[in-house]
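Novice: Fold the stuff below for me.
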Amino acid sequence: MRWEIAGFLFVSSVGTLLHFVYHWSAESVIAAAFAAVNESTWEHMKLLLVPYFVFTMVQFTVFAEPFRNFFACKAVGALAGLVTIPLLFYTLTGAFGPMPDWVNIGIFILSTAVTYLTGYYLLTGGALRSGWQQIAGFAVLWLLLFLFVYFTYRAPQLPIFRDPVTGGYGIGC
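Specialist: The predicted structure is shown next:
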């Protein structure tokens, strides 16, 4: 549980910092791969995934043997948190209109908590222990990372990728 709390704190703080890194780096294309490049929902989801992925790989070096269900549980946790962000954001903005920044930050923190609580309960409950589930979980985590980086540079013209401030998509909008 201590590692999950540490992960929650790491993702919450690093994810918040990554919101600003792209602009702090004078819009570096390298920083764009890992930091939010605009205010789209997709880029805010990236703020959860990137530090989560990093912390998960650190955790793996510690927990690989005791938890034979590690990657599958971590992948399901990541998916749960990533779904929570647009679910809450679009539900709240649809019902009440534009949200103040503190609500958006709250959505991010709550989604991070969902990510870690889901992973923790699956890990400690012994779920998803088969070999194919571990391979699938590992592949899902890497695929998610790839998609978040790729769609930063080549964002589809879909609402989740649209920057509500500029109306643009992806990097440089």
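Novice: What residues of the top helix by length along the chain count as buried?
Specialist: Longest helix in the chain by number of residues (criterion: DSSP state H): helix 70-96. The neighbour-count check on helix 70-96 (16 or more other CB atoms under 10 Å) flags 70-82, 84-86, 88-89, 92 as buried. (Each C-beta comes from the backbone N, C-alpha and C, glycine too.)
Novice: for stretch 13-24, same thing?
Specialist: Buried-residue list, stretch 13-24, by 16+ other CB under 10 Å: 14-15, 18-19, 21-22.
Novice: mean confidence for the longest helix of the chain?
Specialist: Averaged over helix 70-96, pLDDT sits at 96.
Novice: What of stretch 111-123?
Specialist: Per-residue scores along stretch 111-123 average to 96.
Novice: From here on, call the first residue 582.
Specialist: Shifting the count to begin at 582 puts that one at stretch 692-704.
Novice: Only the buried residues of it, if you could.
Specialist: 692-697, 699-701, 703-704.
Novice: Closest one to Ala616 out of the residues you listed, please.
Specialist: Thr693 (16.5 Å; CB to CB).
Novice: mind checking which helix or strand the closest one is in?
Specialist: If you go by DSSP states H and E, Thr693 is part of helix 682-706.
Novice: How much space separates the closest residue to Phe729 other than its chain neighbours from Glu585?
Specialist: Closest residue to Phe729 apart from its sequence neighbours, by CB to CB, 6 or more residues apart in numbering: Lys627 at 4.5 Å. Using CB to CB, to the nearest Å, one gets 21 Å for the distance from Lys627 to Glu585.
Novice: Give me the contact list for the helix or strand hosting Leu726.
Specialist: In this assignment (DSSP H and E), Leu726 forms part of helix 712-734. With contact meaning CB atoms under 8 Å, 6 or more residues apart in numbering, helix 712-734 is reached by 610, 613-615, 618, 623-624, 626-627, 630-631, 634, 637, 649-657, 659-660, 663, 709, 742, 751-752.
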